[in-house]
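1. Using only what follows, build the 3D model:
(2 chains)
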Amino acid sequence: MPKITYIEQNGNSKTIEVDNGLTVMEGAVQNNITGIDADCGGAMACATCHVYVEDSCLNKLPKAEEAEQDMIDMAYKPNKNSRLSCQIVVSDEIDGLTVTTPEKQT
Amino acid sequence: MIKTDVVIIGAGPIGLFAVHQLGIKGLKSEVIDNLDKAGGQCIELYPDKPIYDIPAVPECSGMSLIDNLLEQIKPFGSKIHLNERVQEIKEEKGLWTLKTSNKKTFTTPNIIIAGGVGSFEPRKLPLKELTKFENKSVFYSVTNKNLFKNKKISIFGGGDSALDWALEFAKYSKVTLIHRRNEFRGAPHTLKELNKLKKEGKIIIKTPFQIDSINEGKEIKFIKIKNDDEKTEKIETDIVLGFFGLIMQLGPIAEWGLNMDKKTIKVNTQNFQTNKPGIFAIGDICSYPGKLKLILSGFHEAALASVECFKRARPNETYRFQFTTSSKEIQDRLGIKK
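-> Purely as a prediction, here's the structure:
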């Protein structure tokens, strides 16, 4: 099972095995990772599952679609590493993905 | 004081369908919503996005779903109180009293909370120092255009609201439009107009930039913006406007003593009642083992909650399950003439 590492703003880090096919957001919510709210439940409608993807992992991911970028515009303190974790689907290809959660989501 | 059988908090799809389920049982209801129109997330977040999982409706938009629900509940004449938020609730002898932000009072044996993920509020700029200037020189919506005449205005955002106001204010003010990336998201004619004004020097566009800081002191004189490489620029500014869409805040509901699980309210799955008798929670805001945040689940929850509402509103009557296809009583309530 692919491992995903979630780093919180305070530096706490948790590495979790997430099933293929789930999203990075679901992996967080099901494992009580704080810092990812996911208010809309993954409908790409709220930007509260915003994460920063570690530089070295960015090129492993398919590029964010236009609609995702539009939502990231609304996120709290986005940068060039910003993604919505509900749009990152876990697969063997992204095993080892590391994401940092923002200071806050809203 | 408005007396009714059920007060429904939230005019999203589930709140509206609750009106129907209560109405066919002969119960009167009143709906309260913080927004300026009915529809909740369907209207506010995705009016044009297609939905494919409403039973027997292969495809519909958020907007058409709400239009149809409003049509479906017309016969019951429930009033939808918009632009109002329920501020506090109180219980006495099995009756709940609710007070709203517009000082309306309701009294009812049943409250159904169909509040989605809370009420919508504008998302703010991520700089604490701006808070004290809110509604003086920092705004997240425009209500009085006159405040924005002959000023130096910095507008943040890349969507329709930011663009529309930038174009409007450029007619009589010095506008700088700041966005975190180079692409703007707007209607084609808006983008064309923006480019034109940019070329004519009537709007200054700064991308990819975000807010960094403001001057110290009692009024805003300038702001600093920075890009991903931490390069900063100073912009003389009287007024800051931010357009980052809406976020959902649970608001006063969190203080009503209900059993909560993070931002959701725990209910039983027999009648979707909370730990407080007479308070129900349905739709996205409720949680129970196996809960799915689907519109169709919310419809089911509304149907079951309405049965318990009947029992509480009509304690001396026996509840009788009836089908719309065959019940003369229901068809009368729906105003169907044969």
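2. what residues does the stretch 1-150 of chain B put near chain A?
-> Within the stretch 1-150 of chain B, the positions near chain A by C-beta under 8 Å from any C-beta of the partner chain are B:41, B:45, B:46, B:117, B:123, B:126. (Glycine included, C-beta is placed from N, CA and C.)
3. which among the residues you listed gets closest to residue B:1?
-> residue B:117 (30.1 Å; C-beta to C-beta).
4. The closest one and residue A:23: what is the separation?
-> 18 Å (C-beta to C-beta, to the nearest Å).
5. The two: which has the busier surroundings?
-> Shown here are residue B:117 and residue A:23; by other C-beta atoms under 10 Å in any protein chain shown, residue B:117 has more neighbours (25 against 19).
6. thinking again about what came up before, as JSON lines, the residues of the stretch 1-150 of chain B next to chain A with distance to residue A:97 would be great.
-> Conversion of the residues of the stretch 1-150 of chain B next to chain A to JSON lines gives the following (distance: C-beta to C-beta, whole Å):
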{"residue": "B:41", "distance to residue A:97": "29"}
{"residue": "B:45", "distance to residue A:97": "28"}
{"residue": "B:46", "distance to residue A:97": "28"}
{"residue": "B:117", "distance to residue A:97": "27"}
{"residue": "B:123", "distance to residue A:97": "27"}
{"residue": "B:126", "distance to residue A:97": "25"}
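7. Most widely separated two among those?
-> B:46 and B:126 (24.9 Å).
8. quick one: contacts for residue 8?
-> Just so you know, I chose chain A. Listed by C-beta atoms under 8 Å, 6 or more residues apart in numbering or on different chains, the contact set of residue A:8 reads A:33, A:34, A:35, A:100, A:101.
9. nope, chain B
-> Here residue B:8 is in contact with B:15, B:18, B:19, B:29, B:30, B:31, B:32, B:78, B:111, B:112, B:114 (criterion: C-beta under 8 Å, 6+ apart).
10. Wasn't it part of a strand?
-> Yes: secondary structure assignment places residue B:8 in a strand (DSSP: H, G, I helix; E, B strand; the rest coil).
11. Please determine how far the residue positioned nearest the centre of chain A is located from residue A:39.
-> Residue closest to the average C-alpha location in chain A (C-alpha atoms, centre = their mean): residue A:85, at 2.8 Å. Residue A:85 sits 13 Å away from residue A:39, going by C-beta to C-beta.
12. how is chain B carved up into domains?
-> Annotated domains of chain B cover B:2-121+B:247-333, B:124-244 [automatic domain parsing].
13. Among these, which comes closest to residue A:63?
-> domain B:124-244 (12.9 Å).
14. Regarding that closest one, how distant is the last residue from the first?
-> Length of domain B:124-244, first residue to last, C-alpha to C-alpha, to the nearest Å: 7 Å.
15. Mind checking the pLDDT average for that domain?
-> In this model, domain B:124-244 has an average pLDDT of 94.
16. Residue B:269 and residue B:286 touch, don't they?
-> No: judged on C-beta atoms under 8 Å, residue B:269 makes no contact with residue B:286 at a distance of 9.4 Å.
17. what about the two, which has more around it?
-> Set residue B:269 next to residue B:286 and count neighbours by other C-beta under 10 Å: residue B:286 wins out with 27 against 13.
18. OK, contacts around the residue lying closest to that one once chain neighbours are set aside?
-> Leaving aside its chain neighbours, residue B:286 sits nearest to residue B:267 (4.6 Å; criterion: C-beta to C-beta, 6 or more residues apart in numbering or on different chains). By C-beta under 8 Å, 6+ apart, residue B:267 lies in contact with B:273, B:274, B:280, B:281, B:282, B:286, B:287, B:288.
19. And residue 51, its phi and psi?
-> Unless you meant another one, I'm taking chain A. Per-residue torsions, residue A:51: phi -140, psi 160 (degrees, to the nearest 10).
20. wrong one, I was asking about chain B
-> phi -110, psi 130.
21. what residues are up against it?
-> For residue B:51, counting by C-beta under 8 Å, 6+ apart, the contacting residues are B:42, B:57, B:59, B:60, B:61, B:62, B:65, B:295.
22. Out of those, which sit inside helices?
-> B:42, B:62, B:65, B:295 (DSSP state H).
23. Just the closest of those residues to residue B:178, please.
-> The closest of those, once distances to residue B:178 are taken by C-beta to C-beta, is residue B:62, at 30.1 Å.
24. in stretch A:5-17, what counts as buried?
-> A:6, A:7, A:8, A:16 (16 or more other C-beta atoms under 10 Å in any protein chain shown).
25. Please identify which pair of those lies farthest apart.
-> A:8 and A:16 (13.0 Å).
26. okay, and the common contacts of these two?
-> residue A:33.
27. Correct me if wrong, but residue B:205 is in a strand.
-> Yes: checked against three-state DSSP, residue B:205 lies within a strand.
28. Pull the contacting residues for it.
-> Counted by C-beta under 8 Å, 6+ apart, residue B:205 has contacts B:176, B:177, B:178, B:179, B:194, B:198.
29. List phi and psi for the residue nearest the centre of chain B.
-> Closest to where the C-alpha atoms of chain B average out (C-alpha atoms, centre = their mean) is residue B:120, at 4.1 Å. As for residue B:120, its main-chain torsions (degrees, to the nearest 10) stand at phi -80, psi 130.
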